[in-house]
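# structure for the following, please:
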Amino acid sequence: MDLRLAPLQTARLRLEPLTAETARAIVSGDLSGLTAAGLTAADGWPHEDTADGLAMAGKGGYPPGWLITADGAAEAVHAPAPRSSGMNPTPAS
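All right, here's what the predicted structure looks like:
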């Protein structure tokens, strides 16, 4: 199932859904997709562990998550944690 997500806007932040293609590009160090989307990378982004997290999601077959932006600059990525990590436990029934 291909999940289609829409951007989410708050008063300060915008969460842009990441495609697998964009996530792979970020992992490889190619940030040209940001420019194509009218975004820039904030100072110091991507962080040292950004590529690791995106690569883990891709290898595990999980969606890459959200690109968190402020004033048009990418600042972080929020990706869902795999259920087996214990960070996102299965809800009790």
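
# burial check on Ala73, number of neighbours?
By other Cβ atoms under 10 Å, 14 other residues sit near Ala73. Yep, even glycine has a C-beta here, placed from its N, CA and C like the rest.

# touching, it and Ala42? I think so.
Yes: assessed by Cβ atoms under 8 Å, Ala73 is found in contact with Ala42 at 4.1 Å.

# what helix or strand is Ala23 on?
Using DSSP states H and E, Ala23 sits within helix 20-27.

# which helices and strands does the lengthiest helix in the chain pack with?
Longest helix in the chain by number of residues (criterion: DSSP state H): helix 50-60. Applying 3 or more Cβ pairs under 8 Å, 6 or more residues apart in numbering; DSSP states H and E, we find helix 50-60 packed against helix 20-27, strand 73-78.

# who wins for proximity to Gly58 among the ones you listed?
helix 20-27 (6.2 Å; Cβ to Cβ).

# now what about the closest one, what contacts it?
Here helix 20-27 makes contact (Cβ atoms under 8 Å, 6 or more residues apart in numbering) with 18, 31-33, 46, 50-51, 54-55, 57-58, 63-64, 67, 77.

# ok, 10 Å please
Helix 20-27 is touched from outside by 2, 16, 18-19, 30-34, 36-37, 41, 45-46, 50-55, 57-58, 63-65, 67, 74, 77, 79, with contacts defined as Cβ atoms under 10 Å, 6 or more residues apart in numbering.
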